[in-house]
Each structure stands twice: as structure tokens, then as C-alpha cells.
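Student: below is the structure, and that's it, no one-letter string:
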């Protein structure tokens, strides 16, 4: 496989619901995604094989995982190990950079209904 070079500006924005949109770049063993949340947008509880590193570029997400509530704000990073159930709520409009290894094949196949429901919560 040869290298690729892309600008985020050239990656199509996928509107998943009224509160969640994303852009994805996928390699053979990892993927990176920009995920855009409107305030109150919810990521319902789910888990996945992929290890996840979430870096908040703007805004804040409040996660519930392993019996704890963790708020991740601009400039902060959360590591979520494989198969750990988690959910999140956008405390404000948020831009999140997610890194997954291996890639999230459910996202690639568009088999991620839990994100497409457009669930919101008052924050």
C-alpha cells in the first residue's frame, strides 16, 4: 500500500443526524475521524473492538464509562480501551478528533444506527 495525503477540507462531511456529523480518513490498521456535535447531542451507550483515543479540539463531551463520569474539554484526551461500554453527551457545540485501531468497520459500512438516531439531552 502506498501513502495517501489529504486535507480535511477535501473529506466529505457526512450528516448523520441533526446533532452529529463526521469526516473520516481510514488506513489499513487505524482510522481518524472529525466528529461534530451540537450541544445536547448524545452518543448512546455502545462498545466496540477498536481502541479509541478522543481528543477534544473545541467544546466538551461528558462521558459515562466504567461507573464514572469524565468530562473531556478542549485540549484534553480520553483513552477508551477495547470493548469498554461508554456513552457521551455534548455539553456545548463540540469538535472531537477520534482515533481508532483497528478501524471502525461499522462506521465504514454505515452500520452505526446508534449514532444516526439524533438523540439529544438537556444540558
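Tutor: On my side now, so go ahead. These numbers were taken from a predicted model, which means no experiment stands behind them.
Student: who are the neighbours in contact with the closest residue to residue 116 other than its chain neighbours?
Tutor: Setting aside the residues directly before and after it, residue 116 is nearest to residue 16 in space (Cβ to Cβ, 6 or more residues apart in numbering), at 4.9 Å. Any C-beta I mention is one placed from the backbone N, CA and C, and that applies to glycine too. Shown in contact with residue 16 (Cβ atoms under 8 Å, 6 or more residues apart in numbering): 22, 112, 115-116, 118.
Student: tell me where this protein is predicted with low confidence.
Tutor: The chain contains residues with pLDDT under 70 at 1.
Student: ranges for the helices of it?
Tutor: Assigned by DSSP state H, the chain shows helices spanning 105-108, 113-116.
Student: so what's residue 54 closest to, chain neighbours aside?
Tutor: Using Cβ to Cβ, 6+ apart and skipping residues adjacent in sequence, the residue nearest residue 54 is residue 78, 4.6 Å away.
Student: measure the one you found to residue 123 for me?
Tutor: As judged by Cβ to Cβ, to the nearest Å, residue 78 and residue 123 stand 18 Å apart.
Student: of these two, give the one with the bigger neighbour count.
Tutor: Taking neighbours as other Cβ atoms under 10 Å, residue 78 and residue 123 compare with residue 78 leading, 19 against 13.
Student: so what's the more buried one up against?
Tutor: 53-54, 63, 70, 72.
Student: with respect to residue 37, which of the helices of the chain lies nearest?
Tutor: The closest of the helices of the chain to residue 37 is helix 113-116. By Cβ to Cβ, the value is 10.3 Å.
Student: output the contacting helices and strands for that closest one.
Tutor: Identification of packing neighbours for helix 113-116 by 3 or more Cβ pairs under 8 Å, 6 or more residues apart in numbering; DSSP states H and E yields strand 42-46.
Student: neighbouring strands of the strand it packs on in the sheet, and parallel or not?
Tutor: Sheet pairing of strand 42-46 (DSSP bridges) gives strand 86-90 (antiparallel).
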